[in-house]
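> take this sequence and fold it.
(2 chains)
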Amino acid sequence: MSMTITEKILARHANVDQVLPGDLIDVNVDMALANDITAPLAIKVFKEIGTHSVFDPEKIALIPDHFVPNKDIESAEQAKVMREFAYQHQIKHYYEIGQSGIEHVILPDKGLVIPGDLVIGADSHTCTYGALGAFSTGVGSTDLGVIMATGKTWLKVPPTIKLNYEGNLLPWVEGKDLILYTLHELGINGANYHALEFSGTVIKGLSMAQRFTMANMAVEAGAKNGIIEPDEITLAYVAQRSSRSPFVCTTDPDADYEKVIEIGVDKIEPQIAFPHSPDNVRPLSQVGNITLDQVFIGSCTNGRLEDLRKAAMILKGRTVANGTRLIVIPGSQLIYGEAIKEGIIQTLIDAGAVIGPPSCGPCLGGHLGVLAESERALSTSNRNFIGRMGHPKSEVYLASPVVAAASAILGRIGSPDEI
Amino acid sequence: MKIEGKVWKFGDNVDTDLIIPAKFLNVSDKDKLAKNCFAYLRPDFINTINHGDIIVAGENFGYGSSREHAPLAIKSAGISVIVAESFARIFYRNAFNIGLPILESEEAYLSIREGDQVSVDLSTGEIEDKDISKIFFARPIPDFMREIVDAGGLVEYIKKKGLTDDRCV
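Model prediction:
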């Protein structure tokens, strides 16, 4: 029987020939992931279960990225819990700050996820790795604690919604705009419990960085996972980073999708998500005059080298508007180093940006750029809920790095064409 | 098991940042988390409610992050059960895993008012609003998830069943 790519990966990890949407299956996990916020709770669960060793110290990644370098005593204590557990259990993929970065940026970059893998992370944006043709999804800390002990978990096989992107992209339109547009079409619960398969000639033309951006925000529509069939671009990316052989699979031509949504991209402009929901999206031409106190370029959505490169291209020889603050945070130490070599960081500094240490930064409102009451920010991250980046009466707008860079120069939300 | 309490009503898409803003996630202690439950939406929620009270909410409750701190904060604040039109995927799983019972009923959400006295029977899914004298039936919880709730959460369930149980190994 024919299956979708998501079903094939799940069947393989459940050691069965066939799965159908709705099936409850036990799966083997290739990589289990947690961060400095979710790991301490998972470690507590692990200890309560009473097992003495982790299922495989090479298949667990523990990444300090949310509140690092630690912002206060409590977050330092949390990071310490994770660090000590990592040392005690000889967790291979524990990366201390200085060699680390945002979990969803560094796992692919270090070659820890390849096509066909099954990754479970105690972070909702674990769905990012679907861009590599892997099945990956977020869970809570208890599930993760059990996985650290057993290497297995149960999953319900999701039905798949296929999104088919065809046409030619307008200037300044990238993966971020496509996913924001899609969220507007689907709504924030439009893909609840579903797999979202991004396909079509437009997706095949996107770089890995832009594919990660799209898969990253699948969860914003409630999806269990987002996925893109591996192609030459995926395999070239993986070949440079991993010596494992990938399980490359694609959806069978006659596989059953629950729904196929055709998206013509010819008229899609750069998109902006308005407060306080990532599906509250308008095209840039209909935004009006929205002045900005802060612009943030970074996060697991848009903190990759290509994102910084594009921002620097816009900001080169220009300066950030008076009254607007620009925070740029490279997604990893590796990206930071590359950005220095390419002159990107110098360009950004000359324009008036402040560069933060590789981390989640202000995305979740706890650290490194928190907003005051009634302040307004444009961010390249993925969520703009009430109080997400600070005060409950602050506002967050979401956009791509090129729009963010142009907006920092203009001091209001605007297009690169206006500078 | 029958639970009875006063209802605190919420709307659609109550996200995890509203349940507990990320700035309070620098701790894992459940009592500290409970103090900041609904910090922006209903400040001082823990001292407003009585132990055993019930949350009734609209669709997609718990949307957003994977933070298990969200259901933990609600449970530790004293809420005994959440009845919502629907739940976001990760929150649903997390709630069962930590032993916070949750039920889905659109009718209950539409009829039950804030402050109503409501009883919930977890074994039958029967929800009774005593103030408006109406009974609703929630979608039944899948059997194996009921076992997890009955055990008091996934950890207790695993301890009981042992790691060799073929569902949890």
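
> now the least confident helix or strand in chain B by mean pLDDT - C-alpha only, PDB.
Here the helix or strand of chain B ranked lowest by mean pLDDT, DSSP states H and E is helix B:143-151, holding a mean of 81. Provided in PDB are the C-alpha atoms of helix B:143-151 (Å, rounded to 0.1, in the frame of the first residue of the first chain):
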ATOM      1  CA  ASP B 143      -8.600   3.600  27.500                       C
ATOM      2  CA  PHE B 144      -4.800   3.600  27.800                       C
ATOM      3  CA  MET B 145      -4.800   7.300  28.500                       C
ATOM      4  CA  ARG B 146      -7.300   6.700  31.300                       C
ATOM      5  CA  GLU B 147      -4.900   4.200  32.800                       C
ATOM      6  CA  ILE B 148      -2.200   6.900  32.800                       C
ATOM      7  CA  VAL B 149      -4.500   9.400  34.600                       C
ATOM      8  CA  ASP B 150      -5.800   6.800  37.000                       C
ATOM      9  CA  ALA B 151      -2.200   6.000  37.900                       C
END
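
> that one: what's the following helix or strand?
Using DSSP states H and E, the helix or strand that follows helix B:143-151 in sequence is helix B:154-161.

> now the angle from that following helix to helix B:143-151?
Interaxial angle of helix B:154-161 relative to helix B:143-151 (axes from the mean of the first three to the mean of the last three C-alpha atoms, to 10 degrees): 100 degrees.

> returning to what we had before: gap between the least confident helix or strand of chain B and the chain center?
Relative to the centre of its chain, helix B:143-151 is centred 14 Å away, using C-alpha atoms, centre = their mean, to the nearest Å.

> ok, and for it, which residues are buried?
Of all the residues in helix B:143-151, those buried under the rule 16 or more other C-beta atoms under 10 Å in any protein chain shown are B:145, B:148-151. All C-beta spots, glycine's among them, are computed from the backbone N, C-alpha and C.

> and if you look at stretch B:31-49?
In stretch B:31-49, counting by 16+ other C-beta under 10 Å, buried: B:33-41, B:45-46, B:49.

> next secondary structure after the longest strand along chain B?
The single longest strand within chain B, with elements called by DSSP state E, is strand B:2-9. Remark: after strand B:2-9, the chain's next helix or strand is helix B:16-19, criterion DSSP H and E.

> the next helix or strand after that next one and chain A in contact?
Next helix or strand after helix B:16-19 toward the C-terminus (DSSP H and E): helix B:30-35. No: residues of helix B:30-35 are not located near chain A by C-beta under 8 Å from any C-beta of the partner chain, the shortest gap being 8.7 Å.

> show me where the stretch 251-400 of chain A has helices.
A:299-302, A:305-315, A:333-341, A:344-351 (DSSP state H, counting those that start in this stretch).

> any idea which helix is longest in chain A?
Using DSSP state H, we find that the single longest helix of chain A is helix A:73-88.

> buried sites along stretch B:17-34?
B:17-28, B:33-34.

> nearest to A:K44, of those?
When the buried residues of stretch B:17-34 are compared for distance to A:K44 (C-beta to C-beta), B:S28 wins out at 6.6 Å.

> residues in contact with that closest one?
A:40-41, A:44, A:78, A:81, B:69 (C-beta atoms under 8 Å, 6 or more residues apart in numbering or on different chains).

> is A:G121 in a bridge, and if so with what?
Beta bridges link A:G121 to A:L33, A:G138, judged by DSSP bridges.

> what number of residues lie near it?
When neighbours are counted by other C-beta atoms under 10 Å in any protein chain shown, A:G121 registers 29.
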